[in-house]
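Peer 1: just coords:
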């Protein structure tokens, strides 16, 4: 008997511990895809990725400037979801602390990093079999 197909909306999928992928664009337009931890708030439609400020993903977002488009995906068997939107890099202590708090809830407390920043994605498009509510 085939496995049950997941529901069209599934907020739990973005709270469960899953490794995700972030796709940014390099200056030459080619995709740069890396594994990351992602948190998603369906109420504000903001996805967050913590990172070192010197990482390639952060430099790609900064180089793209305002309107930098990114994609975040996760998969678990037949359940999958991709969040797309405009990314910004935030360095202020409050934004970083909020991102770290959310990351610790979904994954585990991250190791200390004085160069930590957060990539915030204003999600405006969602695809998949396990879309968060509101889509």
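Peer 2: Thanks, I have it. The model shown is predicted, which means the values in this text are computed figures rather than measured ones.
Peer 1: what strand or helix carries the residue nearest to residue 56 when sequence neighbours are not counted?
Peer 2: Of all residues not flanking residue 56 in the chain, residue 32 sits nearest, at 6.1 Å (C-beta to C-beta, 6 or more residues apart in numbering). Yep, even glycine has a C-beta here, placed from its N, CA and C like the rest. Using DSSP states H and E, residue 32 sits within strand 31-36.
Peer 1: how about residue 121?
Peer 2: Residue 121 belongs to strand 116-128 when assigned by DSSP H and E.
Peer 1: which strands or helices does that strand pack on?
Peer 2: strand 46-52, helix 56-64, strand 69-76, strand 79-90, helix 93-106 (3 or more C-beta pairs under 8 Å, 6 or more residues apart in numbering; DSSP states H and E).
Peer 1: once you drop chain neighbours, what's closest to the most centrally placed residue in the chain?
Peer 2: The centroid of the chain falls nearest to residue 38 when counting by C-alpha atoms, centre = their mean (4.0 Å). Distances taken as C-beta to C-beta, 6+ apart place residue 20 nearest to residue 38, at 4.2 Å, with adjacent residues excluded.
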